[in-house]
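Q: What shape does this take:
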Amino acid sequence: MISESALAAMSVDLGSQFLKIGLVKPGVPMEIVLNKESHRKTPNIVAIRHGERFFSDSAAQLGIKHPVNAYSYFVDLLGKKFDNPVVDRYRKIFPHITLKPDDVRGTVLFETDNGTYSVETILAMVLWNAKETTETFAGQPVKDVVITIPAFFNQAERKAVTTAVEIAGLNLLQLLSDGLAAGLNYGVFRRKEITEQAQTLLVYDIGATKTRATILEYRLAKEKDSKEQNPVMVPLGIGYDRTLGGLDITLALRDHLLTEFRKQHKTQKDITENPRAMAKLFKEAERVKQVLSANIDHFAQIESLFEDKDFKVKVTRQQLEDLAKELEPRFLQPLIDALKMAELSIDQVNQIVLMGAGTRVPKLQQLIQEFAKGKELSKFLNTDEAIAIGAVYQAAALSKGFKVKKFAVQELQLYPIQVDFISFATESDNEAKPKTEKLIHRTIYSYKSLYPTTKKIISFTSHTDDFKFNVNYGSLSHLSEKQLSEFGSLNISEVNVVGVSEAYKTNIKDENTVFKGVKAHFHTDSYGIVRVERAELIVEEKEQPSNSTFSNIMGKIGSFFSKSKDEEKDQVSDDTTKEESKEELSKEEKPAGEPVETPTPETPETQTNTTTADNTTETTNQANQTDSKPLNETVDATKNETKKEEPKLKVNKIALNLSEDLLDSTLTSIDTKSAASQLKTFEKNEKAKAERDAALNSLESAVYDIASKLEEETFIKYGTEEELTAIRETKDKLSTWLEDDVTPDTPTSDIKDRKKELDATIKKLKSRRRQHEERPKHVEYMIKLLNDSEGTFALFKNLTELFSETELSTLEKVLTETKDWFENKTTAQEKLQLNEDPAFTVGELQDKSKTLEREVKYLFNKFYSAKLKAEQEAKKKAREAEKNKTKEAKVEVPETGKESVDETEKETTEEATEETKEEPTEETKEDKEGEEEKQEENIDESAKSDDKKDDEEAKKEHDHDRSDL
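A: Numbers count the residues shown, from 1 in each chain. Below you'll find the predicted structure:
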């Protein structure tokens, strides 16, 4: 059974400045989630102050007052070492944020007044808040998520995101490149336009801190096991600049405003040393930049910017363009790189679509238009929401709770992945000589290859003892010097293969068992992360058949002319070494150890440090082949004879243990659990605080409300002097307690107890007022009910043939008791003051009314049923009498001519009449009888219609009678 959380899925467009969240659930199309402030995009910021977290707009507002406690644009720091140029740039832009290196991993830590937190933990907090926002909007649990990231994220960055998702308690379905998500949005809503003819789309996205260009190809393709054609989207080229975006323009404008402020005012201290003033300048620069996208000039204005000095200056669009002019070549470079990678010219691109808030800048649009040689820049995608909508479609496709039309999406491998290991070789003529070591590089995922794809296998044929290999990046010559400096470590992991020596000794028993090497299995999951799945030792075992005497003799003769087994073994080992050497010299050739593809489907898996495979055995009928060549015909004859009796091969796969040491600064499983525990603590404390705040607000409101009501005559008239005095004393005591004694550490239970104390003192007054206000309408209803009930009883008491004596006496008793009770209580109530407890409550009056209504309704229903039945029987008898009367009235028509006919005419037509006069035939009689039966049926139908009308009229009369009652 599918869980409730599986019936909804979400997507997160993980931008540096803003988050956009998509949602799909049954009955609701793909839509953007609104946050608590009803905004469609949420600031990607978290603030931590005095152990309390703030998110979204609240965190952004707090970031102006206390910028040292607000953390934004931290996505750029994922997977980065502290000495990375990207980290240096972040520290320069936000000098008020305290960063420190992780002593173990060497990565970045945010230092707060509540401790230090890794970048993964900060991101996990934001994702947790996104999950809470989505569940509030959806009204149900949501756990499955697709997150969009830049295509240039490497293994360390991708692992950091997956770790953050795990800490946040979400189920990650896929890490989808943001360019592909936008392209998927385009393709899904233009599915009918996609044909077998390939079409290309260039998505150019200028975000807050990153600029990306993605070239996509769309076409229809048939599936392997089906004739059905479905759209396929494949990326052809990607270009990027990970440190260029709208933030750079904002910073340039901020610095301009800073210069203008210094021109206008002389200050005692340097404004740049004041984080709050710099935060105000940054916020105003961002606002002015957005306004200038649609206006040619605007005023930047900040009250009390620094040292109580106001600031106001006019900024024009031309000034903004001049400030960003030096950035223009950098904005074009991703386009150039993407076209180069795709091996296309701009003329071969069918459409260009702009994404990201940065593309709204008019000057940048003009720049791109010129680069595209006048080609139209399409704006049919929502620049803010297209990525989130495309990703949520993919989430629906991957989630168990939805079925959507197939749209295949493939990712591009920007960074080749290779396996580095030591290979051992010995001289074929002397095994006593020491083995020579050679470093081998095997590429398992090449540059520009696509994933998800089939799994890869590498065979290690020279290792009979435990060994290790490294998973590293391959050649990155396609990256610029700047991109390489920002890339980070080139090493991914070191894998130790354990149990080889023991498995070798156990399974290599004699000359009938042959060691075929160690196979390691790799795959790239839906997160774009390369996983080492398992390793196994391969042994081929010969199963010798029973040969004839002649075959044995010929076999010995053949062996005389062939090499010895030891020499053959040495030859195989030597050949393998040679092939490995060829691999190093020429990558175009395919050596024996080159990765082999197996048709195993791709499945997302969670990272594990140790992997153990199961033992499997595989038997084949493959003949045992050797490299020895026949020297004469006798040998050939021997081989032909022995081929019929060649042994079968049994392939044994012995599972080996793997231990992987991650070298790209990934958070360990222990640290991940610790971070998840930190989030749980935050969540628990925040819920307790929310409960306390609600209780405190309720108490404060109640005290304020009582103080106000004690001044109103409409309230104090319901209380005695003693009660009013007690209320004033309680109110004064609680007011003093709230002002003097309540602290952030005051328990919630104490606040709730004080609220109960206050409620108890005013409970009687509130009840008396409510009774006094609601009593008149219920009294009026009771009077009408008693009058109607007496009239009904007067009518029913004479119908003794319809009602039993018990039924009538019961109604009479209830009516009398209710009337007496009501008269006594209303008389007593008239004598009471407003500050005295009432003689009867509204609830008691309602109970009495319901009892009387029940008895009257019972008799009335019985009366109505009898009346309806009698009316139906009377009408039925009337219809039967009418039917009989109609039958008796039927008479025969005379056949004589009309007396009024003229005699002359009569004589003239007499002959013709006599000639045509004939006896009625049998057919004529049958026709007449049929007409008579039809007439009777019409009469019956009319009677039925009359019955129906009578029933409806009787029901209307009954309803009218009940309304009168």
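Q: From residue 93, how far out is the residue nearest to residue 45 when sequence neighbours are not counted?
A: Nearest residue to residue 45, sequence neighbours excluded (CB to CB, 6 or more residues apart in numbering): residue 72, at 4.0 Å. (Each C-beta comes from the backbone N, C-alpha and C, glycine too.) Computed as CB to CB, to the nearest Å, the residue 72 to residue 93 distance reads 10 Å.
Q: higher neighbour count, these two?
A: Between residue 72 and residue 93, residue 72 has the larger neighbour count (other CB atoms under 10 Å), namely 22 against 16.
Q: mind listing what the more buried one touches?
A: Contacts of residue 72 were listed using CB atoms under 8 Å, 6 or more residues apart in numbering, and they are 17, 43-45, 63.
Q: Filter these down to just the ones in strands.
A: Of those, the ones assigned to strands by DSSP state E are 43, 45.
Q: and which of the contacts of residue 72 is nearest to residue 407?
A: residue 44 (28.0 Å; CB to CB).
Q: That closest one - nearest residue in space that isn't next to it in sequence?
A: residue 19 (5.0 Å).
Q: Output the contacting helices and strands for the helix or strand encompassing that neighbour.
A: When elements are assigned from DSSP states H and E, residue 19 belongs to strand 18-25. Other elements packing on strand 18-25 under the criterion 3 or more CB pairs under 8 Å, 6 or more residues apart in numbering; DSSP states H and E are strand 9-14, strand 28-32, strand 42-43, helix 119-138, helix 386-398.
Q: Direction included, what does that strand pair up with?
A: Take DSSP bridges as the rule and strand 18-25 pairs in its sheet with strand 9-14 (antiparallel), strand 28-32 (antiparallel), strand 42-43 (antiparallel).
Q: can I get the ones you listed in CSV with distance to residue 819?
A: Shown next, in CSV, are the strands paired with strand 18-25 (distance: least, CB to CB, whole Å):
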stretch, distance to residue 819
strand 9-14, 65
strand 28-32, 57
strand 42-43, 66
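Q: Point out the most buried one among those strands.
A: Neighbour counts (mean count of other CB atoms under 10 Å) averaged over each of those peak at strand 9-14, with a mean of 30.
Q: Return the angle between stretch directions for that one and helix 386-398.
A: Strand 9-14 and helix 386-398 are oriented at 150 degrees to each other (axes from the mean of the first three to the mean of the last three CA atoms, to 10 degrees).
Q: What's the mean pLDDT across strand 9-14?
A: The average pLDDT within strand 9-14 is 97.
Q: now stretch 65-73
A: For stretch 65-73, mean pLDDT rounds to 95.
Q: what comes up buried for that stretch?
A: By neighbour count with 16 or more other CB atoms under 10 Å, stretch 65-73 contains the buried residues 66-73.
Q: can you tell me which of those are in helices?
A: Using DSSP state H, the subset of the buried residues of stretch 65-73 located in helices is empty.
Q: Restricted to strands, list those residues.
A: 70-72.
Q: Out of these, which is nearest to residue 436?
A: Checking these against residue 436 with CB to CB, the nearest one is residue 71 at 53.7 Å.
Q: Tell me if I'm right that that closest one and residue 121 touch.
A: No. Contact criterion CB atoms under 8 Å: residue 71 and residue 121 do not qualify, at 10.7 Å.
Q: for the strands paired with strand 18-25, which one sits closest to residue 783?
A: Among those, the nearest to residue 783 by CB to CB is strand 28-32 (52.2 Å).
Q: circling back: can you tell which of the strands paired with strand 18-25 is closest to residue 493?
A: Residue 493 lies closest, by CB to CB, to one member of those: strand 9-14, at 24.6 Å.
Q: the inter-axis angle of the closest one versus helix 119-138?
A: In terms of direction (the same axes, to 10 degrees), strand 9-14 departs from helix 119-138 by 130 degrees.
Q: hang on, residue 202 in a helix?
A: No. Counting by DSSP: H, G, I helix; E, B strand; the rest coil, residue 202 is not part of a helix but strand.
Q: surely it meets residue 353?
A: Yes. Shown here, residue 202 and residue 353 form a contact pair, counting by CB under 8 Å, at 7.2 Å.
Q: quick one, which of the two is more surrounded?
A: Neighbours of residue 202 and residue 353, each counted by other CB under 10 Å, are more numerous for residue 202; the result is 29 against 22.
Q: those strands in the stretch 251-400 of the chain, which residues are they?
A: For the stretch 251-400 of the chain, strands defined by DSSP state E, counting those that start in this stretch occupy the ranges 297-306, 309-316, 351-355, 377-378.
Q: Which stretch among those strands is buried most, on average?
A: Highest mean neighbour count among these (mean count of other CB under 10 Å): strand 351-355, with a mean of 21.
Q: ok, it: who's next to it in the sheet?
A: If you go by DSSP bridges, strand 351-355 pairs up with strand 199-206 (parallel), strand 377-378 (parallel).
Q: how far out from the middle of the chain is it?
A: Relative to its parent chain, strand 351-355 has a centroid offset of 26 Å by CA atoms, centre = their mean, to the nearest Å.
Q: Residue numbering should commence at 610 henceforth.
A: Taking 610 as the first residue, the last one we looked at is strand 960-964.
Q: Identify all contacting residues around it.
A: With contact meaning CB under 8 Å, 6+ apart, strand 960-964 is reached by 791, 795, 808-815, 974, 977, 981, 984-990, 992, 995-996.
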